[in-house]
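Can you look at this prediction? I've put the sequence above it.
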Amino acid sequence: MGYREVYDAWKSDREGFWMEAAQAIDWVKAPSKALFEKGGNLFEWFADGTCNTCWNAVDRHVEGGRADQAAIIYDSPITGRKETITYAELKDRVASLAGALKAKGINKGDRVVIYMPMVPQAVEAMLACGRIGAIHSVVFGGFAANELAVRIDDAKPKAIIAASCGLEPGRVVKYKPLLDGAIDIAKHKPDFTLILQREEEVAELTEGRDFDWVEAVAAAEPADCVPVEGNHPSYILYTSGTTGQPKGVIRHTAGQLVALNWTMKNVYNVDPGEVFWAASDVGWVVGHSYIAYAPLIHGNTTIVFEGKPVGTPDAGTFWRVISEHKVRSFFTAPTAFRAVKREDPKGEFVKKYDLSGLRVVYLAGERADPDTIVWAQEQLNVPVIDHWWQTETGWAIAANPVGIELLPVKLGSPSVPMPGYDVQVLDEGGNPVAPGELGAIAVKLPLPPGTLPTLWNAPERFQKSYLSTFPGYYETGDAGMIDEDGYLYIMARTDDVINVAGHRLSTGGMEEVLASHPDVAECAVIGVTDQLKGQLPVGFLCLNAGCDRPHDEVVAEVVKLVREKIGPVAAFKLAVVVDRLPKTRSGKILRGTMVSIADGTEWKMPATIDDPAILDEIKDALKTIGYAD
């Protein structure tokens, strides 16, 4: 069957489709049906089944003949350390860690905060929680103390698992003082912490509260898997909320198992036993779904990479890892490729490695501009697939389903909706718009398995944030269109659609034009307040390494380009060259913060910002064109 037949099969029997997919999972007790309606537009999947995440991700592979297969490959270009952990070894390590947690009073339903760098133990901690039915909440290692405290107060963990430090190129980030500070600030206090001591920084432990990971695990009896209900939360993952209070996205156990397992072959086109690499971090949803869970559930080898796309040591580090570990399917963010492209525009590093085993590359996390995709296609000579999803959904809303059928790639589009997602583009009144017309992207309820059923301790906020704008739909917060062939285009967050003299224009469309300029490595467009036209677009340009042309020449050329490609209606006249753009650690450009700086309105330092100093540079750049006074 091709994509259309598979999608139509789901549409004609939505529950039957997922019940069939559920057969690939080991159940303690199989569910009696797929979908459970809870009223008020709330739904749960496989709620009356019982199962265990860790069993499905680890133990069943050991019993099924994969005991000696690599489960995790750890590669740290920062330290030079590499380690391969087989499924059998992973089972022993996770069972002992779960036993250590159990011995200290962690049981089914208890929350555990995990505050770790990119080391295999971060994945082991997640799996150990799942093994005994504890609910984990991973907080990005190195997150500021007050932000960690907010999450501690919301999740109320009985325990916190942390490392003594994380490593960035050229520096050690001490985690323990941040953790101590967070516990001091938080109203809720954990019963204990478990600390993984790293040789780069040995932390001081507080007697009676802090315990050494290695000692606790060595003394523990290995724990067995605890069966949990299908609707038992596997984890809480906090995503930044517009109010400054983070939103705790919940993932139910059974839906996650079924959906993620289905995606590994159908979307990412890997067979069990093959190596899959998502170059992300466990602090993000990609790290949850496609480092820790999906590859292991499906019987693949997953890579835990402690490094950066450039600077550890150079722009060839991705290609070394892919070549050395025989990666078949590679997933990263467009921003990572833009960084590599900026350092190595001609792809000299690509030529140094044997990439013949690589079949396909996937991009997600930010809109993949056509220029970056074309560069990657030319350098790597494999399909480069943009796909689109969110923390809330946990897996792809729209993708090119390579394992079912490689559809023609349309630059600028993440392709087509996946089974489970009835995607529609709506106007402000909630009515579907014509093909090719810009509108709000929404998904008809119910959402498929593996997506968020609600928010942790915030059911009213869940309704208000996602379900109230378009009754009967999940509001994605993204704007875009669907073309005549059913391909989806994500043009901007709904906040990034700007109104220039009554014309609704997508900043994403303008960024696409700027990125097509040969000297532009990366760019962003924001809408600033204008008394006459309502809003005006302002462009920020990062130029390729080695570009020594006068900045005003490049600016004049991109202004001309936008006029040619989009037209005078865009009123695009202002652009400025900057060294770098402010981003979150996952690579999302902080456009909202840039708008606030330009407009001179109040703003809060984003918790997820990679380098706060960049915002001063942005402010200075804006001043040169008459903004951010």
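Great, that's in hand.

From here on, just use CA atoms for contacts and neighbour counts.
Will do.

My reading is that V270 lies in a strand. Confirm?
No: assigned with DSSP: H, G, I helix; E, B strand; the rest coil, V270 falls outside any strand and is coil.

got a list of what D386 touches?
Y362, L363, A364, A368, A399, N400, S413, P414, S415 (Cα atoms under 8 Å, 6 or more residues apart in numbering).

could I have stretch 401-414 exported to CSV, CA atoms only?
Extracted C-alpha coordinates of stretch 401-414, given in CSV (Å, rounded to 0.1, in the frame of the first residue of the first chain):
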residue,chain,number,x,y,z
PRO,A,401,6.4,8.6,5.1
VAL,A,402,9.6,7.1,3.6
GLY,A,403,8.9,3.6,5.0
ILE,A,404,5.5,3.5,3.3
GLU,A,405,6.4,5.5,0.1
LEU,A,406,8.9,8.3,-0.6
LEU,A,407,6.6,11.0,-1.9
PRO,A,408,8.0,13.8,-4.2
VAL,A,409,9.8,16.4,-2.0
LYS,A,410,8.3,19.9,-2.2
LEU,A,411,10.7,22.4,-0.9
GLY,A,412,9.3,24.4,2.0
SER,A,413,6.7,21.7,2.9
PRO,A,414,6.9,19.0,5.6
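
which residues sit against it?
1-3, 265-270, 367-370, 373, 385-388, 398-400, 415, 418, 487-490.

Quick check: the two most widely separated of the contacts of D386?
Pairwise distances across these peak at 13.7 Å for A368 and N400 (criterion: Cα to Cα).

More neighbours: the two, which one.
More neighbours surround N400 than the other of A368 and N400, with 30 against 26 (other Cα atoms under 10 Å).

Please report how far that one lies from I441.
Distance, N400 to I441, by Cα to Cα, to the nearest Å: 18 Å.

Kindly report the same for G472.
Here G472 is placed at a distance of 13 Å from I441 (Cα to Cα).

Looking at these two, which is more packed in?
I441 (26 against 16).

Specify the local secondary structure of the nearest residue to the more buried one once chain neighbours are set aside.
Once flanking residues are discounted, I441 sits nearest to V425: 4.6 Å by Cα to Cα, 6 or more residues apart in numbering. Following three-state DSSP, we place V425 in the strand state.

can you pull the contacts of V425?
V425 neighbours (Cα under 8 Å, 6+ apart): P432, V433, L438, G439, A440, I441, A442, G480, M481, I482.

What backbone torsions are found at the fourth one?
With angles defined as degrees, to the nearest 10, G439 shows backbone torsions of phi -160, psi -170.

and if you look at the first one?
For P432, the backbone dihedrals are phi -60, psi 140 (criterion: degrees, to the nearest 10).

wait, what's in contact with it?
Taking Cα under 8 Å, 6+ apart as the definition, contacts of P432 comprise Q424, V425, L426.

same question, V267
A399, N400, P401, V402, G403, I404.

and if we set it to 7 Å?
Taking Cα atoms under 7 Å, 6 or more residues apart in numbering, we find V267 in contact with N400, P401, V402, G403.

How about it: what's its closest non-neighbour residue?
Counting by Cα to Cα, 6+ apart, the residue nearest V267 is P401, at 4.4 Å.

And the one you found, its phi and psi?
According to degrees, to the nearest 10, P401 has phi -80, psi 80.

again with A216
Dihedral pair for A216: phi -60, psi -40, per degrees, to the nearest 10.

Neighbours of it, how many?
If you count neighbours by other Cα under 10 Å, A216 ends up with 18.

and the residue lying closest to it once chain neighbours are set aside, what pLDDT?
Excluding the flanking residues, the one nearest A216 by Cα to Cα, 6+ apart is A100, at 5.7 Å. If you check A100, the pLDDT there is 98.

ok so, going back, can you tell me which of the contacts of V267 lies closest to V28?
Set against V28, the nearest of these by Cα to Cα is G403 (28.9 Å).

Distance check, that closest one against A21.
Separation of G403 from A21 (Cα to Cα): 15 Å.

Next up, the contacts around L355.
Applying Cα under 7 Å, 6+ apart to L355 gives the contacts I322, S323.

separation between it and Y362?
For L355, the distance to Y362 - Cα to Cα - is 15 Å.

need the longest helix for the chain.
When the chain is parsed with DSSP state H, its longest helix is helix 87-103.

pretty sure W388 contacts N400?
No: using Cα atoms under 7 Å as the test, W388 is too far from N400 to be in contact (9.9 Å).

A396: how many residues sit nearby?
A396 is flanked by 23 other residues according to other Cα under 10 Å.

any idea of the mean pLDDT in stretch 534-554?
Averaged across stretch 534-554, the pLDDT comes to 93.

got the contact list for that stretch?
In contact with stretch 534-554 (Cα under 7 Å, 6+ apart) are residues 342-343, 498-501, 519-530, 571-572, 574-580.

now, which of those lie within strands?
Those of the contacts of stretch 534-554 mapping onto strands are 498-500, 520-530, 574-577, per DSSP state E.

Just the buried ones out of these, please.
For the ones in strands among the contacts of stretch 534-554, a burial check counting by 16 or more other Cα atoms under 10 Å picks out 498-500, 520-529, 574-577.

Which secondary structure state is assigned to D485?
Here D485 is coil, with the state taken from three-state DSSP.

quick one: it and P408, what's the gap?
In this view, D485 and P408 are 11 Å apart by Cα to Cα.

sorry, back to before: any idea how far the longest helix of the chain is from the chain center?
Computed by Cα atoms, centre = their mean, to the nearest Å, the chain-centroid distance of helix 87-103 equals 27 Å.

Can you check what angle separates the helix or strand just after it from helix 87-103?
Counting by DSSP states H and E, the next helix or strand C-terminal to helix 87-103 is strand 111-115. With axes from the mean of the first three to the mean of the last three Cα atoms, to 10 degrees defining the directions, strand 111-115 sits at 120 degrees from helix 87-103.

V528 against I597, yeah?
No: with contact defined as Cα under 7 Å, V528 does not reach I597; the gap is 9.5 Å.

Low-confidence stretches in this protein?
Within the chain, the segments meeting pLDDT under 70 span 240-244, 492-496, 502, 504, 629.

Give me the domain ranges for this protein.
For the chain, automatic domain parsing gives the domain ranges 86-226, 505-624.

which ones are touching the closest residue to G133 other than its chain neighbours?
Spatial nearest neighbour of G133, chain neighbours left out: K108 (4.1 Å); criterion: Cα to Cα, 6+ apart. With contact taken as Cα under 7 Å, 6+ apart, K108 is in contact with I132, G133, A134.

Pull the helix or strand containing V555 out as CSV, backbone CA atoms only.
Assessed by DSSP H and E, V555 sits inside helix 551-565. Taking Å, rounded to 0.1, in the frame of the first residue of the first chain, the C-alpha atoms of helix 551-565 are listed here in CSV:
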residue,chain,number,x,y,z
HIS,A,551,27.2,44.7,4.9
ASP,A,552,25.1,47.5,3.3
GLU,A,553,25.6,45.8,-0.2
VAL,A,554,24.2,42.5,1.1
VAL,A,555,21.3,44.3,2.8
ALA,A,556,20.5,46.2,-0.4
GLU,A,557,20.5,43.0,-2.4
VAL,A,558,18.1,41.1,0.0
VAL,A,559,15.7,44.1,0.1
LYS,A,560,15.7,43.9,-3.7
LEU,A,561,15.1,40.1,-3.6
VAL,A,562,12.1,40.4,-1.3
ARG,A,563,10.6,43.1,-3.5
GLU,A,564,11.1,40.8,-6.6
LYS,A,565,9.8,37.6,-5.0
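
The residue of the chain most remote from its centre and L35, how far apart?
Centroid-distance maximum for the chain: L532 at 38.6 Å, with Cα atoms, centre = their mean. As judged by Cα to Cα, L532 and L35 stand 52 Å apart.
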